[in-house]
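J.: sharing a model prediction with you, sequence too.
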2 protein chains.
Amino acid sequence: MARAPFVHVNFQPSGGRRRVNADDIVRTLSDEVRAGRLPGGARLPPVRVLEHQLGISKNTAQAAYDELVVRGVLTARERDGVFVAGSSAPDLGSIELRSAPLPRFRSFQLKRSALAGPDVIPLSMVFIDPALLPRDRVAECFRSALNIPGLHHFYDAQGYPPLREAISKRLVARGMDVAPEHIVITTGSQQALDAVCRALVRRSVATENPVYQYAKALFESLGAELVGLRLDPFAPLPLDEWRAVLRATRPELFYTITSFHNPTGRSSSTHEISQILELANELDFAVLEDDWGSDMLSGGEYRPTLRALGGPNVIYVNSFTKKLLPSLRLGFVAGNAETVAPLVAAKRVSTLGNPTLIEAALCELLERGYYDTHLTEMQRVLDGRYQRALALLDQHMPAGVRWTTPGGGPLIWLELPRSVDLGDLQVRLDARKVGIEPVPLAFYGTPHLHGIPIGYAFLDSERLARGLEILGDELRRAQGGSA
Amino acid sequence: MARAPFVHVNFQPSGGRRRVNADDIVRTLSDEVRAGRLPGGARLPPVRVLEHQLGISKNTAQAAYDELVVRGVLTARERDGVFVAGSSAPDLGSIELRSAPLPRFRSFQLKRSALAGPDVIPLSMVFIDPALLPRDRVAECFRSALNIPGLHHFYDAQGYPPLREAISKRLVARGMDVAPEHIVITTGSQQALDAVCRALVRRSVATENPVYQYAKALFESLGAELVGLRLDPFAPLPLDEWRAVLRATRPELFYTITSFHNPTGRSSSTHEISQILELANELDFAVLEDDWGSDMLSGGEYRPTLRALGGPNVIYVNSFTKKLLPSLRLGFVAGNAETVAPLVAAKRVSTLGNPTLIEAALCELLERGYYDTHLTEMQRVLDGRYQRALALLDQHMPAGVRWTTPGGGPLIWLELPRSVDLGDLQVRLDARKVGIEPVPLAFYGTPHLHGIPIGYAFLDSERLARGLEILGDELRRAQGGSA
């Protein structure tokens, strides 16, 4: 790759012939040089490049160059190649380099990164402790998938069919009517949300307020009109208020996390889920259910999902990413006979398809039963951490602080007295190596809540205790209490 | 997972307490049943689920249920659980299941799949023969990447840093000024195009006409206004016409494939590239260069790209997918200090990040030098297939048929006489097990070309010969020639 670049010139055969001949080359290059389109010093393609591209003999190309040298149009330099005469400038000669204009790009509103580092206790972390994740079993399944004959060449735009089979079985066992052919495998649940919004004829989406902030940013980047439906994790859903807002705005779609809502940890009651379905019918909006937290719930039983109660028209999204390994980036969306084709098309236009090997490895993991045994083990530990978090909050939080009791999912919402300045608190905690993430971007306008998510799944007992103790300490200080 | 589902109910502590007590449970459930929000027959959460979620003792939960049974609100059924009294309906009782409305989804204009199957000769295939792709070496690199300590947990939203280093080196060697921190790894080049268009403040994009059809569909799905610039693969770029169209429409961005254009195989001359840069400055549009075909060009030298001539403001996209293994789905976009942050943000909102293992395996492949030796071997074979394709076209095509001589990339454009009906031709060829893909969706409105792309990289010599012979035969028949 150390050779000088050469210019590219297009040649066309004349006189109805199918291939270029030496005359065509001589004529074209003479014209290009005379018209100033090939400046002095420009390096021409090597003979064998012309020979190859145009499908002509080496002699033909060489003869043309020789003729042009004799005419003084080109000069040949020993070992360097053939150049346009009239300048000693090397390489591209005097071709003027003009910088292209900059594109005008948006500035995306994404959350600031929280304080990070090995000595930091990240209290708002939404991820699960990497020590609890089954790296070795995943690696084993990758090794096995590498041996599947013929696997590695192409991809299935909808997703590896045996994986769709395996996912379908799991959903059916949870009371959801989902056939393998109605599932689309995606890069995490994020691409699933992207496909759904991209497929909408009219991009008008209602979400809870607060909302999972990357969903909001995603919908906004697709030009969606958004409307937020107020959610208070300590109260029933204000469905009359929702009805009024929905009637006034008439969105096409309601995006909702009915279990272990991000960032509040709230779950809707079964009655509330059925009321959402009534509202959907009354006001004619479709429903997109994001069930990200469900597999973090301990116990083999389950609560019904919107998809289970509302049937196959409900679009259902989930992901294996957090529960298995974030680096896998594997989620899915479940539609039905009417919706799956546009969802596949929306995925195709965004990425064409995703890496087969990842899909095959996950399939292996599900089929071997590793995923279920992993969930059982992991849920046992997470159950313990959840109980520990509730006990620590009882112990360390000063009066006036409230929190949700989600029972699963990785997030507890900690609601603080209004007298506590969240920015100040974050700065003070940063100084003590405790990371918190207030989530202003999860709200529409001024937040009606005043708190932070606490992620209990990422931290072991000792670090969780230390983090919450320091948090309690700073909260008391902020309230002018114990100094 | 075979147990019956149970309803979810939210409980809140009363009287300023932090945890729910038995009275709260009794009161809440009585109220819910009385108000009809918990219908007869509905199964309640098992005691241990309440215990876990609410962080209360088993005795507290059991005492509440016992009291409600005595009050006749609930009934306990041996081994089955606790249910709302008043109905023998199992499980969710008489909760009314209401089907959700269907979302209104667009119908995407995507190309029909061509005839496929092991006995079919796909003449328009854009992919490279799988037999030429280095599956074993890729698998080896995956096995090696699986052993990188600590690799598998998280992902880098911008892409695995060592891979960005390796790509940067390659681009710099080709005369492009691209730092590792200005590269974003993507799911094929498709996600790279998605990120660029998504980042635009004003989504107004000019493309060549015809255009790579998935780029057009992608931009359309992002709501972009598109304008097509007529391209005739047998003629110079009509830059005066382009200027007039661009002046009238003032797009923000010009998306272009300057080498081995899909679907025509045309490459712009170096002079034309510099003129595109002049136009960009004159009319203030940014440039997005898709260089998908360059590594399929034989020889170590190179022609300058738009990015090389136009500098770091030119956004440059490429992919390893076709040249390595389509199932890897790995591409990238190169921006600069100003553009990289919005590009990363646009990628984050679309997929958050992509699977690390794929990125690490490709990095290994580049660092070991496997990719370069693979390209050398593959280019040697593709060079041969290209020459063979030119010879076969000479031999089999009737008069009036023309084709491009791209010299690289997988596509030759075959321009047919207007008297040939492309639909009829496809039907006749289907019957003889030869697949062609007319590309009406690559054009804006009525196509000004009348032909099909021929992919010479997918077929071995024998199948290419047979396919082109049958094509020539059907073309002569269509023209009323030899019968």
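T.: That came in fine, so what should we check first? Numbering: from 1, shown residues only, chains lettered A, B, ... in the order given.
J.: give me the nearest residue to the residue nearest the centre of chain A, chain neighbours excluded.
T.: Within chain A, one residue has its C-alpha closest to the average C-alpha position: by C-alpha atoms, centre = their mean, that is A:Gln190, at 4.4 Å. Closest residue to A:Gln190 in three dimensions, ignoring its sequence neighbours and counting by C-beta to C-beta, 6 or more residues apart in numbering or on different chains: B:Leu352, at 4.7 Å. For every residue, glycine as well, the C-beta is placed using N, CA and C.
J.: since we're on that neighbour, how many residues are nearby?
T.: Residues lying near B:Leu352 (other C-beta atoms under 10 Å in any protein chain shown) number 21.
J.: isn't it right next to A:Tyr214, touching?
T.: Yes. The pair B:Leu352 / A:Tyr214 is scored as a contact, 6.8 Å apart, by C-beta atoms under 8 Å.
J.: so what sits against both of those two?
T.: Common neighbours of B:Leu352 and A:Tyr214, counting by C-beta atoms under 8 Å, 6 or more residues apart in numbering or on different chains, are A:Gln190.
J.: just the helices in the stretch 51-200 of chain A please.
T.: All helices of the stretch 51-200 of chain A, identified by DSSP state H, counting those that start in this stretch, fall at A:58-70, A:135-146, A:161-173, A:188-199.
J.: turn these into CSV, including mean pLDDT.
T.: As requested, these are arranged in CSV below (pLDDT from 0 to 100):
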stretch, mean pLDDT
helix A:58-70, 95
helix A:135-146, 92
helix A:161-173, 96
helix A:188-199, 97
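J.: residue ranges of the strands in the stretch 251-400 of chain A, please?
T.: For the stretch 251-400 of chain A, the strands defined by DSSP state E, counting those that start in this stretch occupy A:253-256, A:286-290, A:315-319, A:331-334.
J.: in TSV: those, plus mean neighbour count, distance to A:Arg198 and mean pLDDT.
T.: Formatted as TSV, those follow (neighbours: other C-beta atoms under 10 Å in any protein chain shown; distance: least, C-beta to C-beta, whole Å; pLDDT from 0 to 100):
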stretch	mean neighbour count	distance to A:Arg198	mean pLDDT
strand A:253-256	25	12	98
strand A:286-290	26	12	98
strand A:315-319	27	13	97
strand A:331-334	28	11	98
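J.: for those strands, which one sits closest to chain B?
T.: The stretch from these with the least distance to chain B (C-beta to the nearest C-beta) is strand A:286-290; that distance is 3.4 Å.
J.: that closest one pairs with which strands, parallel or anti?
T.: Using DSSP bridges, the neighbouring strands of strand A:286-290 in the sheet come out as strand A:253-256 (parallel), strand A:315-319 (parallel).
J.: take those and lay them out in a markdown table including distance to A:Ile412.
T.: Converted to a markdown table, these look like this (distance: least, C-beta to C-beta, whole Å):
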| stretch | distance to A:Ile412 |
| --- | --- |
| strand A:253-256 | 20 |
| strand A:315-319 | 21 |
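J.: low-confidence regions, the stretch 251-400 of chain A specifically.
T.: A:299-301 (pLDDT under 70).
J.: show me where it has helices.
T.: With helices called from DSSP H, counting those that start in this stretch, the stretch 251-400 of chain A shows them at A:270-283, A:306-310, A:321-324, A:340-351, A:356-367, A:370-396.
J.: quick one, which of these is packed in tightest?
T.: Here the criterion is mean neighbour count by mean count of other C-beta atoms under 10 Å in any protein chain shown, and of those the winner is helix A:306-310, at a mean of 25.
J.: ok, now which ones touch the residue nearest to the centre of chain A?
T.: With contacts defined as C-beta under 8 Å, 6+ apart, the neighbours of A:Gln190 are A:214, A:218, A:331, B:349-352.
J.: again, but for A:Gly228
T.: If you count contacts by C-beta under 8 Å, 6+ apart, then A:Gly228 has A:206-211, A:443-444 around it.
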